[in-house]
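>>> Okay, predicted coordinates and the sequence, questions at the end:
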Amino acid sequence: MIVASDFDGTLTAGEMWRGVAQYVSEHGRGLRLWLFMLPKLSRRLLTRVGIGDALKLRSAFMEQLPSVTAGFTMDQVRDLAKWVVDNELWPKRRQAVIAELARHQQEGKRVIVISGAYQPILEEFARRINAEAIGTPLEVVDGKLSGRLSGALNVGNAKADRLRDALNGDVLELAYGDTQNDIPMLIMGNSAVAVNPDSGLRALATVKGWRIIEDAGK
């Protein structure tokens, strides 16, 4: 049996993009980061007042953010991943949800963390909870990051398709998620858990009778 979990918002209250931005800023790429962020600020402000689709904006942002890491060697990528997890994601981990995953593992279940998060960062976090990681791969050319993704961002239907491949005919007993983007994955399971859900996921969880975890960081 398999248990799957989303990452950002579900296993940590930290934000991967924030960690990546801080790392590149502190490692000599502050100007590149500023030039990347500047045109996006106005659109982000509009979504905060209800204008525009926040989830679509976030996906577009995550597809483009790797441009600030173009040219990083694999050693730098590993350093980036460890730094982001150490400083942004692990300190804000949702311990209640992680404890549940640990109990599933003790019962002999396979735990997969699947997310739009970049694969090296997701792997670093998943390693600490002894879970498998299926994230968004970064394109590598001649041993360095190209600044692009290698394939589609691993969210929504793409995430569900990749999880289906990973199941390889096995049963998805339970899935955890926090936004309506996770719904295609959540409905694959025999049951689902909504962790501090957004309004879209909360509405479906209520209709389906899925368990809702609030304040999962406590």
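Noted; the coordinates are in hand. Residues are numbered from 1 along each chain as shown.

>>> alpha carbons only for contacts and neighbour counts from here, please
Will do.

>>> ok, how many other residues are close to residue 73?
The number of residues packed near residue 73 is 17, by other Cα atoms under 10 Å.

>>> ok, now which ones touch it?
Taking Cα atoms under 8 Å, 6 or more residues apart in numbering as the criterion, residue 73 is in contact with 143-145.

>>> next one: phi and psi at residue 133?
When quoted as degrees, to the nearest 10, the phi and psi of residue 133 stand at phi -130, psi 130.

>>> Now do the contacts for it.
Residues 112-114, 119, 122-123, 126 are the ones in contact with residue 133 under the rule Cα under 8 Å, 6+ apart.

>>> out of everything not next to it in sequence, what's closest to it?
Leaving aside its chain neighbours, residue 133 sits nearest to residue 113 (5.0 Å; criterion: Cα to Cα, 6 or more residues apart in numbering).

>>> for the one helix or strand that neighbour maps to, what is the average pLDDT?
Secondary-structure element containing residue 113, defined by DSSP states H and E: strand 110-118. Regarding strand 110-118, the rounded mean pLDDT is 97.

>>> Return the residue of the protein that is most distant from the centre.
Computed with Cα atoms, centre = their mean, the maximum C-alpha offset from the centroid of the chain is found at residue 142, amounting to 26.6 Å.

>>> Assign residue 3 to helix, strand or coil.
strand (DSSP: H, G, I helix; E, B strand; the rest coil).

>>> So what's the residue count around it?
Taking other Cα under 10 Å as the neighbour definition, residue 3 ends up with a count of 21.

>>> which residues does it bridge with?
Beta bridges link residue 3 to residue 111, residue 174, judged by DSSP bridges.

>>> Now the element after the helix or strand of the chain at the bottom of the mean pLDDT ranking, going C-ward?
Per-element confidence for the chain was summarised using mean pLDDT, DSSP states H and E. The lowest value among helices and strands belongs to helix 30-48, with a mean of 76. Tracing the chain C-terminally past helix 30-48 and defining elements by DSSP H and E, one meets helix 54-64 next.

>>> what's that next one packed up against?
Helix 54-64 makes packing contacts with helix 30-48, strand 144-149 when contacts are defined by 3 or more Cα pairs under 8 Å, 6 or more residues apart in numbering; DSSP states H and E.

>>> Next, the angle from it to strand 144-149.
Interaxial angle of helix 54-64 relative to strand 144-149 (axes from the mean of the first three to the mean of the last three Cα atoms, to 10 degrees): 160 degrees.

>>> can you pull out the helices in this structure?
Across the chain, reading from the start of the chain, the helices by DSSP state H fall at 16-26, 30-48, 54-64, 74-84, 95-106, 119-128, 156-167, 183-186, 199-208.

>>> Tell me which of these is the most buried.
With neighbours defined by mean count of other Cα atoms under 10 Å, none of the helices of the chain is more surrounded on average than helix 183-186, at a mean of 24.

>>> how about it as PDB, C-alpha atoms only?
Output for helix 183-186, consisting of C-alpha atoms alone and laid out as PDB, is shown next (Å, rounded to 0.1, in the frame of the first residue of the first chain):
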ATOM      1  CA  ILE A 183      -7.400  17.400  -6.100                       C
ATOM      2  CA  PRO A 184      -6.500  15.300  -9.100                       C
ATOM      3  CA  MET A 185      -4.100  13.400  -6.900                       C
ATOM      4  CA  LEU A 186      -6.300  13.300  -3.800                       C
END
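
>>> roughly how far out does it sit from the chain middle?
Its chain's average C-alpha position is 14 Å from that of helix 183-186, according to Cα atoms, centre = their mean, to the nearest Å.
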